[in-house]
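Chemist: predicted model follows, preceded by the sequence.
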Amino acid sequence: MKNPPPYVLPIVVFSQFCCTSLWFAGNAVMPDLLLNFNLAPTALGNLTSAVQFGFISGTLVFAILSIADRFSPSKVFFVCAIIGSLFNLGAVWEENTLVSLISSRFATGFFLAGIYPVGMKIASDYFEKGLGKSLGFLVGALVLGTAFPHLLNLFTQDIQWEFVLYFTSSLAFVGGLLMFFLADGPNRRRSQRPDFTAFFQVFKKKEFRASAFGYFGHMWELYAFWAFVPIFLGVYQGFHKTVEFNISLMSFIIIGVGSIACISGGYISESLGTKKTAAWSLSLSGLCCLISPIAVMYFNPALFIGFLIFWGMVVIADSPLFSTLVATHAPAENKGTALTIVNSIGFAITIMSIQLLNILRIELRPEYLFSILAIGPVLGLYFLNSKNPLISN
């Protein structure tokens, strides 16, 4: 089978970057939202979870109806990018309340379900060989898209906060338009009708279960870490009164550096193996969770930032590898549905971890907050081992 045209991967990666900038656009302007609409500090967790819950709802609908397997994935991506960009603009409405803001962020998350997993489906339809490396670039684009609003907010501090939302929506429109003109991949196997049993059938294969459950452990940590990076930086400043970080810049660096790790992990996996590389990344990020209280209290500023940059790399490096494992062990005709199902469950788990941190930040001493996230890597490593009873039966 001949290689895909050289323009395919750059288009998919760039479109993914443009469209996933919608994800944390609200978080990047969160202080302005809280101030402008008189919201309580706890709104941060609620608005972040609204996007996640919208994504979960969208992926459930897409999976049950087999949208990505029945219709052209590139056209699904285009439609969802356009609609998602419009809902992202809902946050600039002057009459917003907490309910309306949560609704607009929920709807943005819903249509991201037609972007992130569908983008992976498009990549898998083009790249059977070297899928881990291709998904490394793709998830790397997701990471940059997630971090980008923090950078944009940094350089637009003298401009109205609404500009961040206008700009990210414009990016999503461009990304969707580019994907519209991309033909379906040669490895696509179209499903003719909704398969309502696919949601359960894919989990019958033990290799698929091991990959999916490992991914779920990874997701417990990932988005909670990303959402609370600015909070964690603030906690460090609270312990070290003479230290003052540029939190927008540091948040962008700590999150954005993960894109390099995703790409590097894809290359490393070609020699070390996809499963083993994912396990190493998950182990290191779990170790970071456990070290975090010591880092907050005792690391000097340079060492602390270095620690967070390292954590920002290992916390995401396994994500494309787990997606590769899931895609590899899924039935060809239900690959899009399988990726969507796993994303749906994984992001449901992110809501639990984000809300748990949101509650514990009031009840728990702040330096111990991130150590709770170690639960995910520990369980993920356990489930990734196909010899454990839940997986092997």
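Modeler: Nice, I can see it. Numbering: from 1, shown residues only.
Chemist: what sits up against stretch 258-274?
Modeler: With contact meaning Cβ atoms under 8 Å, 6 or more residues apart in numbering, stretch 258-274 is reached by 130, 132-137, 139-141, 143-144, 147, 276-278, 280-281, 312-321, 324-325, 328. C-beta coordinates here come from the backbone N, C-alpha and C atoms, glycine included.
Chemist: now the buried members of those residues.
Modeler: 132-137, 139-141, 143-144, 147, 277-278, 280-281, 312-321, 324-325, 328 (16 or more other Cβ atoms under 10 Å).
Chemist: filter those down to just the ones in helices.
Modeler: 132-137, 139-141, 143-144, 147, 277-278, 280-281, 312-317, 319-321, 324-325, 328 (DSSP state H).
Chemist: next structured bit after the host helix or strand of Q52?
Modeler: Using DSSP states H and E, Q52 sits within helix 43-64. Following helix 43-64 in sequence order, the next helix or strand is helix 67-70 (DSSP H and E).
Chemist: show me how far that next one is from its chain's centre.
Modeler: Centroid separation between helix 67-70 and its chain, computed with Cα atoms, centre = their mean, to the nearest Å, is 21 Å.
Chemist: elements contacting that helix?
Modeler: Packing partners of helix 67-70 (3 or more Cβ pairs under 8 Å, 6 or more residues apart in numbering; DSSP states H and E): helix 116-126, helix 335-363.
Chemist: and those helices, which is most packed in?
Modeler: Among those, ranked by average contacts under mean count of other Cβ atoms under 10 Å, first place goes to helix 116-126 (a mean of 27).
Chemist: measure how that helix sits relative to helix 43-64, angle-wise.
Modeler: 40 degrees (axes from the mean of the first three to the mean of the last three Cα atoms, to 10 degrees).
Chemist: what's helix 116-126 packed up against?
Modeler: Using 3+ Cβ pairs under 8 Å, 6+ apart, helix 116-126 sits against helix 8-20, helix 43-64, helix 67-70, helix 73-88, helix 131-155, helix 319-329, helix 335-363.
Chemist: go again using 10 Å as the cut-off
Modeler: Using 3 or more Cβ pairs under 10 Å, 6 or more residues apart in numbering; DSSP states H and E as the contact test, the elements touching helix 116-126 are helix 8-20, helix 43-64, helix 67-70, helix 73-88, helix 131-155, helix 162-180, helix 319-329, helix 335-363.
Chemist: TSV please, covering the ones you listed and showing mean pLDDT and distance to G376.
Modeler: Conversion of the helices and strands packed on helix 116-126 to TSV gives the following (pLDDT from 0 to 100; distance: least, Cβ to Cβ, whole Å):
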stretch	mean pLDDT	distance to G376
helix 8-20	88	21
helix 43-64	83	15
helix 67-70	80	26
helix 73-88	94	27
helix 131-155	76	17
helix 162-180	91	28
helix 319-329	86	12
helix 335-363	82	7
